[in-house]
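Q: Give the three-dimensional model of this entry:
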Amino acid sequence: MKLIPANDETFEHYASAFKALADPKRLKLMNELCTRGQVCVCDLCEIMEMPQSKLSYHLKILMDADLITQEKKGKWNYYELNQSRMNHLLSPELCCLFRPTSW
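A: Next up is the predicted model:
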């Protein structure tokens, strides 16, 4: 694999994602979404055993980092893991940002 050209925008893109991932509650939340698929916020409160206000705080951080998606159905919001973003974060592309060109 060859080195990928990087710029400030690329680094900001990854930094926001890793900041969002740097919390055990958010990692657990993402794991639940991965396991269960699309989940209503009302069910997430029960699953995560936290009040909706605290859950909303964590969901916003994950949304802002584009790690989860939201779909409104009636009066409820449903959340799902953004699988394409996760695949991108976990891809060899990220590793190539930090490999010397001599590899």
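
Q: Show me where the protein has its strands.
A: Listed in chain order, the strands of the chain (DSSP state E) span residues 39-40, 68-73, 76-81.

Q: a markdown table for those, including mean pLDDT, distance to Ser91 and mean neighbour count?
A: No exception for glycine: its C-beta is placed from N, CA and C like everyone else's. Below are the strands of the chain laid out as a markdown table (pLDDT from 0 to 100; distance: least, Cβ to Cβ, whole Å; neighbours: other Cβ atoms under 10 Å):
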| stretch | mean pLDDT | distance to Ser91 | mean neighbour count |
| --- | --- | --- | --- |
| strand 39-40 | 94 | 25 | 16 |
| strand 68-73 | 96 | 18 | 14 |
| strand 76-81 | 95 | 16 | 18 |
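
Q: Distance to Lys25 for those strands - can I get that in a markdown table?
A: As requested, these are exported to a markdown table (distance: least, Cβ to Cβ, whole Å):
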| stretch | distance to Lys25 |
| --- | --- |
| strand 39-40 | 15 |
| strand 68-73 | 13 |
| strand 76-81 | 14 |
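
Q: burial of Ala17, as a residue count?
A: By the criterion of other Cβ atoms under 10 Å, Ala17 has 20 neighbours.
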